[in-house]
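>>> need a structure here:
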Amino acid sequence: MQSLAAQVIWLFVLAIPIACVAWTVTHEEIFREPREYCRDCSQSCPQWYRRKFFYVFTCEYCFSHSVTLLLLVLTRFRLLLDDWRGYLLALFALVWIANLYMSVFGHLRLDIKSTRVEIQEKEKELESDKIDR
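Numbering: from 1, shown residues only. Take a look at the predicted model:
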């Protein structure tokens with residue numbers, strides 16, 4: 001069993017690729033078409049279990065659980081306890097930290113986009129002032 005400090009470091013480091021993969025699949029342009037297909041299926045499939053399955057690929061919180069499970073299988077990371085309970089604790093702790101990262105990233109992107117819009121508006125005002133002179 002690793003020291004508590006090492007486990008905490010692993011917790012915060014492993015949450016980074018979880019957040020990265022979950023955000024990319026559920027938000028970025030490169031996965032837009034499959035995500036739209038999954039969104040449509042999550043709303044129109046007649047069976048509830050198919051709707052839930054496809055919904056997982058449209059929700060970063062839900063998808064982060066799947067990514068975390070995969071990462072736990074690959075790394076065998078456990079938190080605090082050396083048995084199955086350590087895996088369970090690691091699962092929920094990693095999901096929580098990864099979602100904190102995604103939340104911060106989402107707010108940061110929103111702030112950047114808002115700043116860009118403000119800059120474009122000011123540039124348009126300057127251009128119209130130039131033309132009026």
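>>> At the geometric centre of this structure, which residue do we find?
Centroid-nearest residue in the chain: Trp23, 3.2 Å away (criterion: Cα atoms, centre = their mean).
>>> Where does the closest residue to that one other than its chain neighbours fall, secondary structure wise?
Leaving aside its sequence neighbours, Trp23 sits nearest to Met102 (Cβ to Cβ, 6 or more residues apart in numbering; 5.2 Å). Quick note: C-beta positions are derived from backbone N, CA and C, even for glycine. Assigned by DSSP states H and E, Met102 belongs to helix 84-132.
>>> Now do that helix: which elements does it pack against?
In terms of contacts (3 or more Cβ pairs under 8 Å, 6 or more residues apart in numbering; DSSP states H and E), helix 84-132 is packed against helix 4-27, helix 60-75.
>>> which helices and strands does the first one pack with?
Right, helix 4-27. Short answer (3+ Cβ pairs under 8 Å, 6+ apart): helix 4-27 packs on helix 60-75, helix 84-132.
>>> got the contact list for the residue nearest to Trp23?
Ala19, Ala22, Trp23, Glu60, Ser64 (Cβ atoms under 8 Å, 6 or more residues apart in numbering).
>>> What's the separation between the last one and Leu79?
In this view, Ser64 and Leu79 are 16 Å apart by Cβ to Cβ, to the nearest Å.
>>> Looking at those two now, which is surrounded by more residues?
For Ser64 and Leu79, the more surrounded residue by other Cβ atoms under 10 Å is Ser64, and the numbers stand at 27 against 20.
>>> still on that earlier bit, didn't the residue nearest to the centre of the chain look like it was pressed against Tyr61?
No - in this structure, Trp23 is not within contact of Tyr61 by Cβ atoms under 8 Å, at 10.9 Å.
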